[in-house]
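Chemist: Please work out how this folds:
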Amino acid sequence: MSSLLWGVLFGSLGFGYFLYGKKQGAVIPLVCGLLLMVFPYFISNTALVVLVGMALAAIPWFIGR
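Modeler: This next block holds a predicted model:
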């Protein structure tokens, strides 16, 4: 259950990154958004979902600036 909720959280964050990247023409938020929306389908371990999701969510903050 918690893996599903984390997946929904990271998926919605990814959708926001995707829309921002598409509108601004920025590749890094666009790709991170796509990855955030897709990766919970392939990882079933909750702790790993949280770690990968946090890493993908942080990439645009550090690389995109």
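Chemist: Of all the residues in stretch 14-32, which ones are buried?
Modeler: Under the neighbour-count criterion of 16 or more other CB atoms under 10 Å, stretch 14-32 has 14, 17-18, 21, 28-32 buried. Placement of C-beta: from N, CA and C, glycine included.
Chemist: Most widely separated two among those?
Modeler: For the buried residues of stretch 14-32, the maximum inter-member distance is 12.8 Å, found between Gly14 and Ile28 (CB to CB).
Chemist: just for the protein, where's the confidence low?
Modeler: The model of the chain has pLDDT under 70 over residues 64-65.
Chemist: now the helices for it?
Modeler: Counting by DSSP state H, the chain has helices at residues 2-24, 27-38, 46-63.
Chemist: tell me the contacts of the residue lying closest to Gly21 once chain neighbours are set aside?
Modeler: Excluding the flanking residues, the one nearest Gly21 by CB to CB, 6 or more residues apart in numbering is Leu30, at 3.0 Å. Contact analysis of Leu30 by CB atoms under 8 Å, 6 or more residues apart in numbering lists 17-18, 21-22.
Chemist: how close does Leu30 sit to Met1?
Modeler: 30 Å (CB to CB, to the nearest Å).
Chemist: Grab the nearest non-local neighbour of the spatially most central residue of the chain.
Modeler: In the chain, the centroid-proximal residue (CA atoms, centre = their mean) is Leu36; its distance is 2.4 Å. The spatial neighbour of Leu36 that comes closest, neighbours along the chain excluded (CB to CB, 6+ apart), is Gly14 at 2.7 Å.
Chemist: Could you do Gly7 as well?
Modeler: Gly7's closest residue in space is Pro40 (CB to CB, 6+ apart), at 3.2 Å.
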